[in-house]
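Colleague: got a sequence here, can you model it:
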Amino acid sequence: AEETVSKFNEAKALRLASERETQSEREKRARLETAAESAKTAVRAAEARAGQAEARASRAETDAASFRAAETAARAAAEEAETRAEMCQSRAEAAESAME
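Modeller: Next comes the predicted model:
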């Protein structure tokens, strides 16, 4: 009878140990799943920030290209105005010479 009780207690102790281990494994799995979800959330947030940065960079590139185009157009207009001014100056000098 003592041997049966001893074996029963031993079996009970093993079952309890197994249940504790199973509980520990469930807790570990839950922590890992929580960590994995947090990592996924962090990745999605990083991807969103990267997308926003790409959009800002694209707008900046577009703005820079527009600025360069406007600068080129302004330079061309200034050169044309200078050429016209030189022509007008030459015509004025020719007209003054003709009056003399």
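Colleague: how much space is there between residue 50 and residue 23?
Modeller: With the distance defined as Cβ to Cβ, to the nearest Å, residue 50 ends up 41 Å from residue 23. Every C-beta, even on glycine, is put in place using the N, C-alpha and C of the backbone.
Colleague: just for this structure, where's the confidence low?
Modeller: With pLDDT under 70 as the threshold, the chain has no low-confidence stretch at all.
Colleague: mind listing the helices for it?
Modeller: Here the chain has its helices, by DSSP state H, at 2-99.
Colleague: just want the most central residue of it.
Modeller: The residue lying closest to the centre of the chain (Cα atoms, centre = their mean) is residue 50, at 1.2 Å.
Colleague: which of the residues in stretch 90-100 are buried?
Modeller: Applying a neighbour-count criterion of 16 or more other Cβ atoms under 10 Å, stretch 90-100 contains no buried positions.
Colleague: contacts only, for residue 15.
Modeller: With contact set as Cβ atoms under 8 Å, 6 or more residues apart in numbering, residue 15 has no partners.
Colleague: let's have the chain start at 340 instead
Modeller: Done: numbering now begins at 340, and the last item shifts to residue 354.
Colleague: return the distance of it relative to residue 411.
Modeller: Taking Cβ to Cβ as the measure, residue 354 falls 84 Å from residue 411.
Colleague: kindly report the same for residue 399.
Modeller: Per Cβ to Cβ, residue 399 is found 19 Å from residue 411.
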